[in-house]
Structure formats: C-alpha cells, structure tokens
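Trainee: the following block contains a protein sequence and its predicted model.
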Amino acid sequence: MKLETLRKRREFLRVRGGGRWSTHAFVLEAKRRLPIDEGDKAPLPHTKNSHDGPRFGFTVTKRLGNAVARNRIRRRLKAALQEVAMPAAKNHFDYVLIARAAAFDMTFADLTGLMAKAFERVHQPASGRRQRHNKSKSDESPGKSGKQTADTVQINPKT
RNA sequence: CCAGCCGGCUGGACGGUCGCUGUUGGUCGGGCCACUUCAGGGUAACCUUUGGCGCCCCUACCAAUGGAGGAAAGUCCGGGCUCCAUGGAAACACGGUGGCGGCUAACAGCCGCCGGGGGCGACCCCAGGGAAAGUGCCACAGAAAGCAAACCGCCGAAGCGGUUCUUCUUCGCCAAGAAGAAGAAACGUGGCAGCAAGGAUGAAAGGGUGCGGUAAGAGCGCACCGCGGCGGCGGCAACGUCGCUGGCAGGGUAAACCCCACCGGGAGCAAAACCGAAUAGGGAUGGCCGGGCGCGAGGCAACUUGGCGUCAGGUGCGUUUCCACACCAGCCAUCCGGGUUGGUUGCUUGAGGGAGCCAGCAAUGGCCACCCCAGACGAAUGGCCGUCGCGGAUACGCUUUCGGGCGCGUCCAGACAAAACCCGGCUUACAGGCCGGCUGGUAUU
RNA sequence: GCUGCCGUAGCUCAGGGGUAGAGCACUCCAUUGGUAAUGGAGAGGCCGAGAGUUCGAAUCUCUCCGGCAGCA
C-alpha cells in the first residue's frame, strides 16, 4: 500500500510532543492525531486529510552526508517500514523517523529488527526519562482527556 | 618492451522478490455541462424525467511501456522564457572583456593562425592593447632609483713640494764631502678641460660584445646583435621578411590609478498566469473643483467664466541634459480586486537527439531517413537477495625464457556524485576499463 | 534561485605591496608568609589551500575549501 507522508513543518513539530524511542540507527517518534486537531486545523480544502491510516515522516539531516547518502538512508528506512512495521503501526497515528548515521550501512536484517522493536516500545506507556515532554503539551486541547487511553502515549492529566 | 604526450568513449551485467512515479489502454464504482435516447409539457426556443455502445472528471485495481549525470555539482559566464521600467538620443558614472581572423543565438567559450616562454621530442603554458597623455610607487642596499646630473674615481697643461741622477759654480791642495743653481726622470699635490668607461649594491644603473682610436675616453669610427624611423614585398589581419637610414633618444610596474577600443536596463519559474475560501488602508473610469497670462463670451462697470490658445511647475527604475509621450491635490458615484494558504498551468518538442551525404584544415554549417528520450515538489527514478564478470593482496598446486603465467580458495575494494524551468560553455571531483594517433629510448630481425 | 561578507598566535581582532602586530590567555622571574593583582622577560604563525602578476604577495588577480549573514 501507499505510504501517507507528512509534508508540512507544522505536522513534524506537532509529533515532537509524543512518544519517542531511540536506537543507534534512528529515532522513532509517534503521536495520535486527535480529532479535535482535525477540527480546527485541517478544514482547509485539503481533502486528503480524511485519511484514517497511519502517516509517516522522515527527517534526514544534512550532517549525515551528501544528497546521495541522504536519499539512500531515507529509502532504506521506507523499505524497512514497508516490510516489518506496517502491521505495528496504528490508525490515526503520525510517526516521524529521524535518521542517524548507522542507518546508512547497517545490515537490512538488523534494521528491520530494530524497527519492529521500536514500534513495539513506542506504544508502551512512557518511562521516566520522557517526562520532559510533558510540559510542552500545552497546545493540546484539554477537552478530549477522556479518550486518552492506553493506546496513546500521553499519560499525564492535562494541567 | 619501457617511459611519456594528445584525443575520444564508458561509468558493471543478468535474474528473483517487494515498492515509487509519468503516459497509454481496460474493468468496477461514483459524478455529469454539452451529445444521444425515453416519457411528459409547450406553436417554438426550451423545461422536467429515464437510459446510453458515447464524452469528461475522480477513486481503486489490472496490463503494457518510460524513468538521473558526465559532471545532474560549484554557480564562474552567455542566452531562451516571464515580469517590471513610456520610447529615443547624447554625455557621464559603474561593471566586464582585451594579439589577429573565423564559428556561434551569445559568451570570459571553441577552432585556426601570429608573437613570447618551456621541453631532446610528441607537445604544453601565456589577463598577449597602451609606459614619447598624465599621476603614483620602486623598501633595504647603493654614488645615484628616474629630467639627468652631482659624488668617488680616471686622464691631466701650468704651478708647487721633496727624492734620485747629470752638469756647472763656491768651500776644499786633490779626493771624499757640504752648499747653491740649471736640466731630466718618476712620485706626491694641484687643477682648466673631458664625464665615456670603472665605482663592491640591487630585481632593475640611460643599448650589448669585440676591434680600432685616444692623454684617458666616449656610437667617436667599424662589424655583428638589439632598438627606432622610412620604404618595398608576402599576408584579410595580427605579423613576417628585405633594403635604406638614425647613432641610441624611450628603466620597470596598468592582476596601481589611468587612457583607448568594444560590450552591458533590472530581477528571476519562490518569474508569471488562472481557480476557490474568508476580510480592508489599493487601483481604474466618469462627474465636480482645479496654477499664471492672453483671446473669446456675459456684464454699464467692478467682475464672472465650465470655451479656445499659450506659458510654466512636478513625476516617470544608475545620474544629467534634450526631444516625444503619459499623468497630476481633494470630493462623490460605479466597477475591479491585493498580501497569506491550497490547487492547476508554466513543465517539458527543444538553439532536441541522430545514421548518412555535402562544404570547410577545423570549430561549425547545410540537406535529411529515423526517434520522442525523467517530469518529481518533505521531492519519484529504488530496497533486499543470488549468480557472473573486472581490479588488488596473498595460502596451495602446476609451469617457466626466473620477469612471470595458469588453476583453485580466502580477504579487500568497486569511484565522484543525484535532475528541480530549459539550453550553450567554463571550472572542480572521479575507482576502474576500452579505443585511436604520436614522441623518445632499448632489444631483435 | 540570487547576493554579500569573513578565514592572521590558544581566543578576540588590527595590518590593504617591502622584517607580522595588539589585548586576553601561557611559561619564567620579581613582589607576598602564600594567592590574586602589579612589574619585567620570554615562547607561540610558513596569515584556509593551490596557481598567477610582480624584483618582492598576509595584502593584487583567478580557482577551490570552510564558515556566516541577507533577499525572494
């Protein structure tokens, strides 16, 4: 199936407030798209916003190499995502993969293994070291707090 | 065979599997202005309704087919294209280029030639106009660093000084010796005139080398070289060559200012156009009013004036001037719509590629069969696996003209780098491989 | 896509054709019972790289490398 990708910088920045799991090949971030967000930001006449499946974004910074190396890293991450992580991804979630240098030349089996583990761990309740993200969530709407069940990463009550 | 020079080409191949994207075709579903069809209404135009082998759009799927580069890079130049500036001319400013001829849409590019330099050679390199238009600079060293002279120094008539020698006179009987005078020699000093050579320096010292000449010297004279001028010849030209002549005048630096010749409007596809959504400070058109003077009109006059003419001011994308042209502060009415975000177009048929033929030394140009060959936009053209091939290093075996070669196994390497509107160049990066031409050397025949 | 600026001592910067400098930092000495401050002395650079012009280049020109900033 076709990958829905994140396009705008605003969407990338929003995912930064969600769950996060790091490996030496990449960093995976995940966050649920709240319906209330679609209610006030998405009503632009942009009909593809009615997509229900997971969406993915890739961040490959310039420090990782020239354009050839960056393109290869992004393609390997996409390929690993297609192969192993699609069943693990959940609907109405946005994911961002931030590449690290090891993604260029590690073996593909190791990459897929890391990917599967990362998608498993990123959906678990947050551990203590991610508490620093909680104070950056003031942009979230407090009205929908009742739906924050275990399949989301937001564990703290809204303040 | 070794060493080297020049030019051109290439930038792994095959298969499996899972994907992305453009185009074309098909299927299912949905929508629908015009087309057609059914039914009804109407004189008709037409309206409402039903269906479609058809048209268009959207979504999903299937099939076929295309899908990064020689540099896509750096952004150093030149164009196309789009928008902005009212058009033209001159001068100035700013920037760029700089042997000559040709090619080209154009260029700082390319080709050919000339001049200079380097290499045994093939060949390579050169921002290669002007230093008698002017200004500036040339540190240190050196007598002097730019008008050409001064200085040291050289030669050196007369004069002076001492020394030596010879002759004469005096003292002395003679000799030795002493004193004086004259002459000669060299030396020192001095200096008219000469300023050319020489003067340790320096990157550079007002032509160079040699011979003659001279008191010493000097283009003072001569030969050759260099330089300048004039003329002849060859060449489109840069320039070359020959002859005559001058007798050397004019140091370097213009990638110092500058002068000369030529070229250049600015911005860039995030240009620009269209569509849809929500909100005003903007623009266009028309009307009213509107600088000075004169004419006309009205009025007995003061004066009024919307008509006509003329003069003037300001603005118009480097500056100034000139010519032409356009516009002008405010109020009212009508109309149109900016910035931002999203989508579509621009967006790939083009100075396009190219077999062959022709012109040309070549760059290149002409004719033309054939071909359509990436169009993405958080950005496609790929991920993984296997086999083969190429390069390097070696363990083992075989072989050898002892340099090596072959077989097999293992390990390593497999570059530089990805379109972003499109072309023509330049520059830079690049593992390895292939082809052609040429030069020097060695060996054999 | 376009444009501008800067690379000089460990750090911040001058110097714009003629021997490479300042401040802070560093080392040593003095001062103090000791430290800081102060005073004196010293070391540290082939001026980002490579070509070219020039007698001579950190400086002028060209080409690369790295960094920073701006406009749309």
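Mentor: Ah, there it is. This one's a predicted model, so the numbers in the text were calculated from it and none came from an experiment. Numbers count the residues shown, from 1 in each chain, chains lettered A, B, ... in the order given.
Trainee: for chain A, what are the low-confidence residue spans?
Mentor: Applying pLDDT under 70 to the predicted model, the residue ranges of chain A that meet it are A:1-3, A:34-52, A:85-86, A:125-159.
Trainee: the strands in chain A, which residues?
Mentor: Listed in chain order, the strands found in chain A under DSSP state E are A:4-5, A:19-22, A:26-32, A:55-59, A:93-99.
Trainee: burial measure for the residue in chain A positioned nearest to RNA strand B, as a count.
Mentor: When you check chain A against RNA strand B by C-beta to the nearest atom of the strand, the closest residue turns out to be residue A:9, at 2.8 Å. Bear in mind the C-beta positions are built from the backbone N, C-alpha and C, glycine included. Burial of residue A:9 is recorded as 8 neighbouring residues (other C-beta atoms under 10 Å).
Trainee: before we move on, the earlier item: now distance to residue A:71 and mean neighbour count too, for the strands of chain A, in CSV please.
Mentor: Compiled in CSV, the strands of chain A are given as follows (distance: least, C-beta to C-beta, whole Å; neighbours: other C-beta atoms under 10 Å):
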stretch, distance to residue A:71, mean neighbour count
strand A:4-5, 15, 13
strand A:19-22, 23, 20
strand A:26-32, 16, 22
strand A:55-59, 11, 19
strand A:93-99, 11, 22
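Trainee: list phi and psi for residue A:18.
Mentor: Note on residue A:18: its backbone torsions stand at phi -90, psi -160 [degrees, to the nearest 10].
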